[in-house]
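Trainee: sequence unknown, structure follows:
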């Protein structure tokens, strides 16, 4: 048996490390927290309460959806004397403020400022007008069910809970792109349920995020993913972050797959920013939660580099065959098999992308959603890295068209 060279050992080590990171991020961690969470009590009983609530809606040039959002908010089943609807429009240049003003006699409050400084600047400006003990952050293009508020405030009867995230749901009827995006949020919901059952979840949906007013810490203006920053500050203060799947927020998917990539590019740029500032964000006094954050939030932006590394290392093993035998060193034919599997994966992703464009209704085609979604998501993560590296990603959100 030939002794493996240092190059062969290095290639094999990096290859398996990259593959292991991908598998752990997408499959290993969810299965691990599912197994651990089984050791926790199956259910939690909350006492009934109706604290004062402020629904804080940040809107920028949303004249086509804001009226629907207002009507939806007014239909929510919650005591009116304890429910404040506050809409802040920072820099809107369309008729959004005028539309909101039409509902002033229903109790809907408007804060408008001509200068645009970004979503968080608008929210922070509105905090002085917030009257609720619980603040629920929402967007203009998502809609709540009548019982959403009651469901999301239930965990606050536990004084250890500082914030609660509801579930993001993609509306049906938005074609294959909507179904693909919907699958992702079901996957996210599964992870959040297990994390919450373990004690605290580590991810929130910014369009349905409830927080105690006295726990809220203002994010700096340069923060890209403000919802994640808010969540981390809740945890750093020693509170738990709960997830309630029954508190649903529905919205439409992006107009095109390209729009979705643009949206995810921004989100991933924010994730790289969070990684760079991890020493300021991570609750190091809670090691289990730190492990959850790294596994759930920080490893995902690294997956595209692992995918690229797999292809390069695989090709290197073929061009420079290892002298040692064994699949662990990527000797032939194993190196060719692994490369073929990678090529097959990207071919399926391409076919899935074509089927989404053509709105193919075949059930077999639905099997292609996963490789398509993963490829698009990691392409967006790759773009997000360079956006962050060059400092080109502004904290000011650019509106993405929805269906």
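Mentor: Cool, got the structure. Bear in mind that the values here come from a model prediction, so they are computed numbers and not experimental data. Numbers count the residues shown, from 1 in each chain.
Trainee: Could I get the full set of strands for the stretch 201-350 of the chain?
Mentor: Secondary structure of the stretch 201-350 of the chain (DSSP state E, counting those that start in this stretch): strands located at 209-212, 240-251.
Trainee: which residue sits closest to the most centrally placed residue in the chain, ignoring its sequence neighbours?
Mentor: Centroid check for the chain by CA atoms, centre = their mean gives residue 205 as the closest residue, at 6.3 Å. Ranked by CB to CB, 6 or more residues apart in numbering and with sequence neighbours excluded, the top spatial neighbour of residue 205 is residue 168, at 4.3 Å. Every C-beta, even on glycine, is put in place using the N, C-alpha and C of the backbone.
Trainee: list the contacts for that neighbour?
Mentor: Contact analysis of residue 168 by CB atoms under 8 Å, 6 or more residues apart in numbering lists 142, 185, 188, 205, 207-208, 249, 251.
Trainee: Return the set of residues that bridge with it.
Mentor: residue 249 (DSSP bridges).
Trainee: follow-up on the earlier one: out of the contacts of residue 168, which is most surrounded?
Mentor: When the contacts of residue 168 are compared by neighbour count (other CB atoms under 10 Å), residue 208 ends up highest, at 28 neighbours.
Trainee: Might one say that it is in contact with residue 163?
Mentor: No - if you go by CB atoms under 8 Å, residue 208 and residue 163 don't touch, sitting 11.3 Å apart.
Trainee: so where's this structure shaky on pLDDT?
Mentor: 1-4, 41-43, 172-180, 253-257, 324-325, 355-367, 392-403 (pLDDT under 70).
Trainee: Residue 184 and residue 230: what is the separation?
Mentor: Distance of residue 184 to residue 230, computed by CB to CB, to the nearest Å: 22 Å.
Trainee: And the two? Which one has more around it.
Mentor: A count of neighbours by other CB under 10 Å puts residue 230 above the other of residue 184 and residue 230, at 24 against 16.
Trainee: Quick one: the contacts of residue 168 as CSV, columns for distance to residue 73 too.
Mentor: CSV is the format used below for those (distance: CB to CB, whole Å):
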residue, distance to residue 73
142, 11
185, 22
188, 25
205, 17
207, 13
208, 12
249, 12
251, 14
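Trainee: Considering the residues you listed, which is situated nearest to residue 303?
Mentor: residue 188 (15.2 Å; CB to CB).
Trainee: and whichever strand or helix holds the closest one, what does it pack onto?
Mentor: Assigned by DSSP states H and E, residue 188 belongs to helix 175-198. Secondary-structure packing of helix 175-198 (3 or more CB pairs under 8 Å, 6 or more residues apart in numbering; DSSP states H and E): helix 29-37, strand 161-170, strand 240-251, helix 257-276, helix 287-293, helix 334-357, helix 369-389.
Trainee: could you give the angle of it to strand 161-170?
Mentor: 160 degrees (axes from the mean of the first three to the mean of the last three CA atoms, to 10 degrees).
Trainee: So what's the gap between helix 175-198 and the chain middle?
Mentor: Taking CA atoms, centre = their mean, to the nearest Å, the mean C-alpha location of helix 175-198 is offset from the chain mean by 10 Å.
Trainee: How about stretch 319-337?
Mentor: Relative to its chain's centre, stretch 319-337 lies at 38 Å (CA atoms, centre = their mean).
Trainee: Report the buried residues of it.
Mentor: By neighbour count with 16 or more other CB atoms under 10 Å, stretch 319-337 contains the buried residues 322, 324, 328-331, 335.
Trainee: distance between the ends of it?
Mentor: Terminal residues of stretch 319-337 are spaced 14 Å apart (CA to CA, to the nearest Å).
Trainee: Likewise for stretch 146-159?
Mentor: Using CA to CA, the end-to-end distance of stretch 146-159 comes to 25 Å.
Trainee: how about residue 276, what does it touch?
Mentor: By CB under 8 Å, 6+ apart, the neighbours of residue 276 are residue 388.
Trainee: May I ask which helix or strand encompasses the closest residue to residue 320 other than its chain neighbours?
Mentor: The spatial neighbour of residue 320 that comes closest, neighbours along the chain excluded (CB to CB, 6+ apart), is residue 7 at 6.9 Å. Using DSSP H and E, residue 7 falls within helix 6-23.
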